[in-house]
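> From the sequence below, what's the structure:
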Amino acid sequence: MSGVQDQLEIKFRLTDGSDIGPKSFPAATTVSTLKESILSQWPKDKENGPRTVKDIKLISAGKILENSKTVGECRSPLCDIPEGVTTMHVVVQPPTTEKEKKVSNETKQNKCTCVIL
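Residues are numbered from 1 along each chain as shown. Predicted coordinates:
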């Protein structure tokens, strides 16, 4: 019976309200592995899809999940319903272009700071 409890049913909710899954994952699965799974299952007809795992943010129970954490470590006690499906929200962060990086670096250089002692 412990083998069944080590499996979690997870579905991924995209920003447009559609879902990927549900799919069963072992509790020892890392968040990075979940992101790779999302990337491989991403609907081809959706615009602005992620290009790499770094473009994806996963949110569960109001917290952004870290890549190095396992699904078991991220599990919320509120979502721990036997035979239930956990919904994780997927946010795609568009990659920054070289032009945007250059502009942000220039604005940082032009700022001055004041220190009151």
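> C-alpha from now on. contacts and neighbour counts both.
Noted.
> need the contact list for residue 51.
Residue 51 is in contact with residue 39, counting by Cα atoms under 8 Å, 6 or more residues apart in numbering.
> what comes up buried for stretch 41-60?
Using 16 or more other Cα atoms under 10 Å as the test for burial, stretch 41-60 gives 49, 50, 53, 55, 56, 57, 58, 59, 60.
> Span of it from start to end?
For stretch 41-60, the first-to-last residue distance is 19 Å (Cα to Cα, to the nearest Å).
> One more: stretch 41-59?
Terminal-residue distance, stretch 41-59 (Cα to Cα): 18 Å.
> taking the mean pLDDT, what do you get for it?
The predicted model assigns stretch 41-59 a mean pLDDT of 87.
> Could you list the low-pLDDT ranges of this protein?
For the chain, the stretches with pLDDT under 70 are 1-5, 76-83, 95-111.
> ok, and the closest non-adjacent residue to residue 71?
Nearest non-adjacent residue to residue 71, counting by Cα to Cα, 6 or more residues apart in numbering: residue 27, 5.1 Å away.
> mind checking how far residue 20 is from residue 87?
Residue 20 sits 10 Å away from residue 87, going by Cα to Cα.
> between those two, what contacts are shared?
Contact with both residue 20 and residue 87 is made by residues 11, 12, 13, according to Cα under 8 Å, 6+ apart.
> What residues are bridge-paired with the spatially most central residue of the chain?
With distances taken as Cα atoms, centre = their mean, residue 58 lies nearest the centre of the chain, 1.8 Å away. With DSSP bridges applied, residue 58 shows beta-bridge pairing to residue 90.
> now residue 26
Beta bridges link residue 26 to residue 7, judged by DSSP bridges.
> so what's it up against?
By Cα under 8 Å, 6+ apart, the residues touching residue 26 are 6, 7, 8, 71.
> please redo it, this time with the cut-off set to 7 Å
Contacts for residue 26 were tallied using Cα atoms under 7 Å, 6 or more residues apart in numbering; they are 6, 7, 8.
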